[in-house]
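>>> Sequence first, predicted coordinates after that:
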Amino acid sequence: MTHSHVSLASLTTMGVGGAAGTYIEADCEEALIQALREADGQGVPVLLLGGGSNLVVADSGFPGLVLAVRHRGVQTSGSGSVIVEAAAGEPWDELVAWAAARGLAGLECLAGIPGMVGATPIQNVGAYGQEIADTLVDLRVWDRSESRMVTLPAAACHFGYRSSAFKVTLRNRYAILSVRFALRSGLPDMPRQGELARQLADLGEPPSVTGVRDLVIALRKAKGMFYDPTDPDSCSAGSFFVNPVVSVEHAEHIRRGVSLDMPRFEVDARRVKLAAAWLIEQAGFPRGFRMGRAGLSTRHALAVTNRGGASAEEIVGLARHVRAGVLQRFGVALAPEPMLVGLALEGEASRP
């Protein structure tokens, strides 16, 4: 069914954004493809909407078609290595729980992340040392340029750290219909670093897939990174900034300047990944820092949150202020992780 002027604030975890020009919920592949055919044929701009958990929409809204992907379904094949195909509109955390309950390893560290299956390959969703690229086999898509269905192998996605071809060279070309993952029966791989690895090591015995998932959810809840509309700390788009990758020399320069233990993770011989939350706090923005109705989470400095009635411009205004402070203090330009629609940080292109 088609609706006009639906509030996008009510459809996103950040709780900001104006109205959609037109809004359609597609509960099957056929409805999704038909809506795309019509919109593309008429030159109407389209915003594909999953769970709204990685999206910040301008107060002016989106003048075209907002197409909510809602078709569901999970199928399996194989035995030792199980191929799981999930529809794009399947809620992500429900798929992770489904796999964990069946002892299928490969997704458990990505538990508690809101949103839909179809959105996860776009930014190569990852957490606690695991990412979508680790298990994705291929995905079925609707090619909007050629009006046909195509299967893309994992190699065609060009996955990188929180990135894929769908964010760069292939942006807006494909609508993801379903995703196939290769999972395995048995014990999960043990994370090699970070707080999850430390807590699992304290258990003293190999954890089950469900055990890892439960611990990940507990960690996310403790950080306000498990969406709960009654919790202001979780009224966010998750991590607002990507952990930056810098040269070894730049990282050492920062470390000498602060004379503190600085978290960093080796990427390769020449580059390291820094913790954006640490940079933000060291630049003078503690947890709970506020500017009007927007603020950093009281439990995690990486989350920009709506403290109640904030506008999109207030949210992005705080993000700009934090980004400028980190750039001035450390010479590191933080890149936004969520999709900004009709908005931009300095140096970032606005998405129409």
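Thanks, I have it.

>>> now the helices: where do they sit in the stretch 1-150 of the chain?
With DSSP state H, counting those that start in this stretch, the ranges of helices along the stretch 1-150 of the chain come out as 29-42, 92-101.

>>> got the buried residues for the first one?
In terms of neighbour count (16 or more other Cβ atoms under 10 Å), helix 29-42 has its buried residues at 29, 31, 32, 33, 35, 36, 39, 40. The way it works is simple: take the backbone N, C-alpha and C, and place the C-beta from them, glycine included.

>>> same check, this time on stretch 181-192
Within stretch 181-192, judged by 16+ other Cβ under 10 Å, the buried ones are 181, 182, 183, 184, 188, 191.

>>> Count residues in the vicinity of the residue nearest to residue 75 when sequence neighbours are not counted, would you?
Closest residue to residue 75 apart from its sequence neighbours, by Cβ to Cβ, 6 or more residues apart in numbering: residue 85 at 4.7 Å. By the measure other Cβ atoms under 10 Å, the count of residues near residue 85 is 19.

>>> got the contact list for residue 85?
74, 75, 76, 77, 178, 179, 180, 181 (Cβ atoms under 8 Å, 6 or more residues apart in numbering).

>>> Distance of the residue nearest to residue 214 when sequence neighbours are not counted relative to residue 221?
In space, and not counting its chain neighbours, residue 214 is closest to residue 111: 8.0 Å by Cβ to Cβ, 6+ apart. In this structure, residue 111 and residue 221 are 11 Å apart, going by Cβ to Cβ, to the nearest Å.

>>> Of these two, which one has the most company?
Shown here are residue 111 and residue 221; by other Cβ under 10 Å, residue 111 has more neighbours (28 against 16).

>>> Could you check the pLDDT of that one?
Note on residue 111: pLDDT of 96.

>>> Let me know whether residue 281 touches residue 289 as I believe.
No. Counting by Cβ atoms under 8 Å, residue 281 stays clear of residue 289, with 9.1 Å between them.

>>> list residues touching both of these two?
Contacts common to residue 281 and residue 289, judged by Cβ under 8 Å, 6+ apart, are residue 301.

>>> Save the helices of the stretch 1-150 of the chain as CSV, and put in mean pLDDT and distance to residue 330 too.
Shown next, in CSV, are those (pLDDT from 0 to 100; distance: least, Cβ to Cβ, whole Å):
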stretch, mean pLDDT, distance to residue 330
helix 29-42, 97, 43
helix 92-101, 97, 33
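
>>> JSON lines please, covering those and showing distance to residue 276.
Below are the helices of the stretch 1-150 of the chain laid out as JSON lines (distance: least, Cβ to Cβ, whole Å):
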{"stretch": "helix 29-42", "distance to residue 276": "34"}
{"stretch": "helix 92-101", "distance to residue 276": "22"}
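
>>> what residues are up against the residue nearest to residue 144 when sequence neighbours are not counted?
What sits nearest to residue 144 in space, not counting adjacent residues and going by Cβ to Cβ, 6+ apart, is residue 40, at 5.5 Å. Applying Cβ under 8 Å, 6+ apart, we find residue 40 in contact with 46, 144, 147.

>>> Among these, which one lies nearest to residue 271?
residue 144 (34.9 Å; Cβ to Cβ).

>>> Setting aside sequence neighbours, what's the nearest residue to residue 104?
According to Cβ to Cβ, 6+ apart, the nearest residue to residue 104 is residue 183 (4.0 Å).

>>> which regions of the stretch 101-250 of the chain lie under the pLDDT threshold?
For the stretch 101-250 of the chain, the stretches with pLDDT under 70 are 192-193.
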